[in-house]
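> sharing a model that was predicted from the sequence below.
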Amino acid sequence: MRLHDFMCFFTGEIFSKWLLKLDRKFQREGRRVVIFLDNCSAHHCEDTELKSVKLEFLPPNCTTHVQPCDMGIIKNFKDFYRRRLLNHVIDCIELKQSPTVSILQSLRWARMAWEINVTSTTIGNCFKKAGFSKVSGN
C-alpha cells in the first residue's frame, strides 16, 4: 500500500482535526507553511479556517510524477523494512522456529526504517527530483 493510499483511509473529519492542530502549532511558532496534497477526498476540508497553513492541491493523476514520496522516500522505507522482515524469517528458519511477528515488533521495525533509512538527505533529494527547490522568502 502506498502512503497516499493509506492517507485516503482517513476521514475528512480526522484530517480536519489534525490540520487545525497543526495550524495552531504553526500560529504559536509564528510560521506560515504550504502543504501540498493529492486529491484524496479526505483532504478537501473547505470549511476549515486556517491561519498559518495554506493548502495547495496537486493536479489529478500526477502523483507518481510530482509527489516526493513517490520519488524514493517510500521505496527507502519499504526496502529497509522488508530487509529486516526477511532477516527475521531467515533467523527463525535457522533456529527451526515458526516465523511470527507481533504488531509491536512490526511498529519497531517501521520506526527504525524511518529513522535510519529515510534521512533528511533522502527527503531533500526526492523533493528536488519532484521539482521543488529552495526559495529564500520573506
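Arrived safely, thanks for sending.
> Asn39 - how many residues pack around it?
When neighbours are defined as other CB atoms under 10 Å, Asn39 has 15 of them. Backbone N, C-alpha and C define where each C-beta goes, glycine included.
> ok, Ala113 next?
19.
> you'd agree it is up against Ile74?
No: the pair Ala113 / Ile74 is not scored as a contact, 10.5 Å apart, by CB atoms under 8 Å.
> okay, now the domains of the protein?
Using automatic domain parsing, the domain parsing of the chain gives 1-66, 67-130.
> now the last one: mean pLDDT?
It stands for domain 67-130. On average, the pLDDT along domain 67-130 is 87.
> run the chain-centre distance for that domain.
13 Å (CA atoms, centre = their mean, to the nearest Å).
> just the first one next, same as before
In terms of CA atoms, centre = their mean, the centre of domain 1-66 is set 12 Å apart from its chain centre.
> equivalent analysis for stretch 123-135, please.
Stretch 123-135 has its C-alpha centroid displaced from the chain centroid by 15 Å (CA atoms, centre = their mean).
> dump it to CSV, restricted to CA.
C-alpha atoms of stretch 123-135 as CSV (Å, rounded to 0.1, in the frame of the first residue of the first chain):
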residue,chain,number,x,y,z
ILE,A,123,13.9,13.5,1.6
GLY,A,124,15.7,16.6,0.2
ASN,A,125,16.8,14.7,-2.9
CYS,A,126,13.3,13.4,-3.5
PHE,A,127,11.8,16.9,-3.3
LYS,A,128,14.4,18.1,-5.8
LYS,A,129,13.6,15.2,-8.1
ALA,A,130,9.9,16.2,-7.9
GLY,A,131,10.7,19.7,-9.0
PHE,A,132,10.7,21.5,-5.6
SER,A,133,13.5,23.9,-4.9
LYS,A,134,14.5,26.2,-2.0
VAL,A,135,13.3,29.7,-2.3
